[in-house]
Each structure stands twice: as C-alpha cells, then as structure tokens.
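Trainee: Here's a sequence, model it:
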Amino acid sequence: MELQNPTHLLLVSSPGLGHVIPVIELAKRFVLHHNFKVTVLAVTSQTSRVETQILNSVLTPSLCHLIDIPSPDLTGLLAQNDRMVTRLCVMMRESTPAIKSIMYEITPRPSALIVDFFSTEAIPAARELDIPSYVFVPSHAWFLALLLYSPLLHEKIVGEYVDQKEPLKIPGCSAVRPEDLVDQMLDRSHREYTEYLGIAKRIPQSDGVLVNTWEELQGEDLEALREGGLLSEALNMKLPVYGVGPIVRQPESETSSLTDSLTTWLDEQPSKSVVYVSFGSGGTMSFEQMTELAWGLELSERRFIWVLRAPSEGAADAAFFTTGSNEVDAVANYLPEGFASRTSKVGLLVPEWAQQVNILGHGSIGGFLTHCGWGSTLESVTNGIPLIAWPLYAEQRMNATLLAEELGLAVRPAVLPTKKVVRREEISEMVRKVIEGEDSVKSNRIRKRVREVQEGAMKAMSMDGSSYSALSHVAKAIEGYR
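Mentor: Numbers count the residues shown, from 1 in each chain. Take a look at the predicted model:
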C-alpha cells in the first residue's frame, strides 16, 4: 500500500561507477525496506559509454527516480596535471548550484539529503532547507578513519607522508603503512591533497555517516569512529556512524543478463575452475605488465575470463573518464602473438566491460583477480569468491592490505603492481593458489575464510542483522525530523 505522504530522500552521486552504483543500490534499500520515495541526482561525466550502459542496467525506474545532471563546463578550472580526485571535486563543486536548484524546487519537499563524499559541498543547502544531511561512504571504515584523521595528520607530521619510517597511527584503528596511503596523500604539494582535506573537514558538518561495511567485518573501526571511541575523541567529533553494508549491485534480470555465448561458455566449465580478471571501469596497466599478465594466465593452466582494456603508460586510472574500445580484436592486438589462439579452449576475452555481478555469481567462477575497488571486492566476497589483490589507485592499496593481511580473503603480489612489474611466474602462482589445484591447502584456507565472511555479510543484511538495524535507525531519525 503506497503512503500518501512518503518520506522523500534525495541522494547525490558523483561520476564513476564505484560511486553511482552503490548510491542507487542504497536508494533501493530505502524504498524496499522503508517505503521511502527516493530521487537520485547523478552527475555524469558524459564521456563514458560504459557508464551510461551500466547506469541503465542498474536503475530500476519503478523504485527510484534518476535525474541526470550533465557535467558542467570545466574549461579553465583544471590544470593539465590535475588528477582524478581534483577533477571530481571541481566537477561536483561546479554542479552544486544545479543540485541546490533541484533541492529547492522538487516536489514533494525532500525530507533528507544523502550525498556521497565527493558531494559534501551540498550539505549547507540541506541546512537552509532545515532537513538532515548524511554522507554515504561507499568504501570501508578503515578508509573513513584515515580520511577523517587526515587533517590532524596534516598538523602533526612534517614532510611527505611517504617518507615516514613508521606506519601512520590512527587512534583505535590499524596503522597505515606509508606505501598503502591513498593517492591523495602521496604528494602534499598537489592540489588533489588540498581537495582531499576539504572533504575530510566537511563530512563532520553532516548529521551522520553511512559506511559500506558491517559490524562483523570492521567492528573495531566503527567503534573507534563513534562517539566515545578513540578516534572520535581525538577528533572531538560527535557524529553517528552507521555500518550499512554490504551495499552491492544486484544480479541483472534474465532479459539483460549475460550474453548467450558467455553463459554457454561458463556453463561448460567445471565448478570453481575459472579465474575472472578485471580492473574495474577505470583501471589500466602498461603494455609490459599486460604482456606479463597474459603469459601468467597462460602459464597457470587455469581457465579464465579476462576483461580487456588497451594498455596505458600513464596513470593507472587513465580510463576513468574515457570510453575505450569495445572491440576485442583491437585490444587483443596488445597481447603476445598467438595468445588468443593458444588459450582459446580455456580462456575468454571480453572487451572493456562485462556484466561482473552476474559472472561472479556463476558457479564456475573460483577466483577474482581484481583492482580491489571496494564495490568489486564486496561483489566477490558476497558470492564467496576469493581474490587476487592487484591494487592500482585511490584507496585500493589499503583495500589490498585489509583483504590479504587482516581478513585473509586474498593473495597479493610481493611488490605493489604500481611500483614494479609483476612477472608471469608470480602471476601464475597466485592464480593457482586461489583456483583449487596444486596448492589446495592454501586455496581451501582462503575459501573457508571467504565463506565465513560471506555468511557474516548475509546475516548483517538480514532483518535481524546489524546493517539492516543501522539503516532502520537512519530511517527512523529522518522520519522523526519531519
């Protein structure tokens, strides 16, 4: 039965699939579980055909309304060497007037505003409308802790963080090794670092933070962030922090699911025998690394699906705002001669993008070689798939350390792929470790741990689980404000 005056939420997302997909999935939770009316304001880059394609597949018009805000003109606002986060921050800053205009004019009047952490400059508009505002962090609690603590680290530490001899301590949380820091902290003289600090300072202006994690996974980090916790006390921050995850993309319907050829190929493979290789919608690697990866997959003698993107000798996030090629033959030209024909019976090459959540849910997938984007990580874990951690940019190095060293869900190269080319022998060994074979003891240990975390995630999202309860608290707080 539809409510006459449903609570109306506005959710704002910055460009990038790692941002907009979890925002839309969070919106669906409020609709399905709390009967809220939800409108999503999504600023899109307008350069990525893949982004548009996936947005159309994720959105459920009957559940929430999407308003697409075209990217503003950034001419003259960016320098040639400005990086991804700077570009996102400037894009969202310039989009704020359009966001505010919609907030003031939309009917019914919004009951609350939820923004992703790149959209925090819209928070003052919520205060002007006298409605509560929340920040949604699509990443994990350890990342949020580092982000919020960064302004204090800025005051305490002299010189570059990467030159520190000891890990950076965060009250109540694990310390962060200098080499695992987020990209934005690698160069304190860069504009991206200033933008990053600005985000950290604006988040506490909200009425609460929603994090894409859950109590059973990161209870200590969440406790440190909450009022009375060690980090909260250090920051003098009295801000509710809610673990509402895992917020993950749901499998697509049969009408838009895997292509017939891909489904047929997967159905023909033995259970848990295929490693899925993908670096997200923005990750790239050098020609040399791409060559080593191809040889590593071939040497492993394991089945694989590889989502291919043309190599780049520039930044690891070079494809974030670009379209790329959708022809497998064009990208395959960068692979070793004869690779495609030699591996045709055990491997499948997919150009640029694949329906990842459906692939990971197929019974033949046994491992995921991933860039460690948090969305991809959660899609893998919630399907019980162990990972090969291959971090490229953003907070992915933190994610890789969390997955491999703290949670026991992944194997990883001895040296960061962004520091040194990972050679074919090591790649082959990692694939064999996650796909049951010669090193079955290691494989079984990781698989057991992944199953445990998968069960914990499902329990957290159940009606008596911690994440369901946390989102219910947010819903009640919003309704109580009306």
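Trainee: Going by C-alpha atoms from here, please, whenever you check contacts or count neighbours.
Mentor: Fine.
Trainee: what are the ranges of the strands in the stretch 51-200 of the chain?
Mentor: 65-70, 112-116, 133-137, 168-170, 173-176 (DSSP state E, counting those that start in this stretch).
Trainee: Direction-wise, compare the second one with strand 133-137 and give the angle.
Mentor: Right, strand 112-116. Computed by axes from the mean of the first three to the mean of the last three C-alpha atoms, to 10 degrees, the angle separating strand 112-116 from strand 133-137 equals 30 degrees.
Trainee: ok so, going back, quick one, which of the strands of the stretch 51-200 of the chain is packed in tightest?
Mentor: strand 133-137 (a mean of 27; mean count of other C-alpha atoms under 10 Å).
Trainee: partners of that strand, with directions?
Mentor: If you go by DSSP bridges, strand 133-137 pairs up with strand 112-116 (parallel), strand 209-211 (parallel).
Trainee: As a markdown table, the ones you listed with mean pLDDT would be great.
Mentor: Converted to a markdown table, the strands paired with strand 133-137 look like this (pLDDT from 0 to 100):
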| stretch | mean pLDDT |
| --- | --- |
| strand 112-116 | 98 |
| strand 209-211 | 98 |
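Trainee: follow-up on the earlier one: just send the strands of the stretch 51-200 of the chain back as TSV, with distance to Leu32 too.
Mentor: Formatted as TSV, the strands of the stretch 51-200 of the chain follow (distance: least, C-alpha to C-alpha, whole Å):
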stretch	distance to Leu32
strand 65-70	14
strand 112-116	17
strand 133-137	18
strand 168-170	37
strand 173-176	34
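Trainee: Nearest to Glu292, out of the ones you listed?
Mentor: strand 173-176 (29.5 Å; C-alpha to C-alpha).
Trainee: State the mean pLDDT of that closest one.
Mentor: For strand 173-176, mean pLDDT is 98.
Trainee: what's it packed up against?
Mentor: Here strand 173-176 touches helix 141-156, strand 168-170, helix 215-225, going by 3 or more C-alpha pairs under 8 Å, 6 or more residues apart in numbering; DSSP states H and E.
Trainee: for these, which one ends up most surrounded?
Mentor: helix 215-225 (a mean of 20).
Trainee: Val43 and Ser13, how far apart?
Mentor: 6 Å (C-alpha to C-alpha, to the nearest Å).
Trainee: okay, now the domains of this structure?
Mentor: Domain assignment for the chain, taken from automatic domain parsing, gives 8-249+463-481, 255-458.
Trainee: hey, least reliable of those domains by pLDDT?
Mentor: Note on those: lowest mean pLDDT is at domain 255-458, with a mean of 89.
Trainee: Figure out how far that one is from the centre of its chain.
Mentor: 15 Å (C-alpha atoms, centre = their mean, to the nearest Å).
Trainee: Identify whichever of the helices and strands packed on strand 173-176 lies nearest to Gly375.
Mentor: Among the helices and strands packed on strand 173-176, the nearest to Gly375 by C-alpha to C-alpha is helix 141-156 (13.7 Å).
Trainee: Please save the CA atoms from the closest one in PDB.
Mentor: Once non-C-alpha atoms are left out, helix 141-156 reads as follows in PDB (Å, rounded to 0.1, in the frame of the first residue of the first chain):
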ATOM      1  CA  ALA A 141      35.500   2.100   7.800                       C
ATOM      2  CA  TRP A 142      39.300   2.000   7.900                       C
ATOM      3  CA  PHE A 143      39.400   4.300   4.800                       C
ATOM      4  CA  LEU A 144      36.900   6.600   6.500                       C
ATOM      5  CA  ALA A 145      39.000   6.700   9.600                       C
ATOM      6  CA  LEU A 146      42.100   7.700   7.700                       C
ATOM      7  CA  LEU A 147      40.100  10.300   5.700                       C
ATOM      8  CA  LEU A 148      38.700  11.900   8.900                       C
ATOM      9  CA  TYR A 149      42.000  11.800  10.700                       C
ATOM     10  CA  SER A 150      44.000  13.300   7.800                       C
ATOM     11  CA  PRO A 151      43.600  17.000   8.900                       C
ATOM     12  CA  LEU A 152      45.200  16.000  12.300                       C
ATOM     13  CA  LEU A 153      48.000  14.100  10.500                       C
ATOM     14  CA  HIS A 154      48.500  17.300   8.400                       C
ATOM     15  CA  GLU A 155      49.200  19.200  11.600                       C
ATOM     16  CA  LYS A 156      51.300  16.600  13.300                       C
END
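Trainee: who touches Arg447 in this structure?
Mentor: 384-386, 409, 434 (C-alpha atoms under 8 Å, 6 or more residues apart in numbering).
Trainee: in stretch 230-247, what's buried?
Mentor: Residues of stretch 230-247 classed as buried by neighbour count (16 or more other C-alpha atoms under 10 Å): 230-232, 234-235, 237-247.
Trainee: Quick one: residues in contact with it.
Mentor: Applying C-alpha under 8 Å, 6+ apart, the set of residues contacting stretch 230-247 is 22, 25-26, 138, 145, 149, 152, 170-173, 204, 206-215, 222, 224-227, 378, 457, 460-461, 466-468, 470-471.
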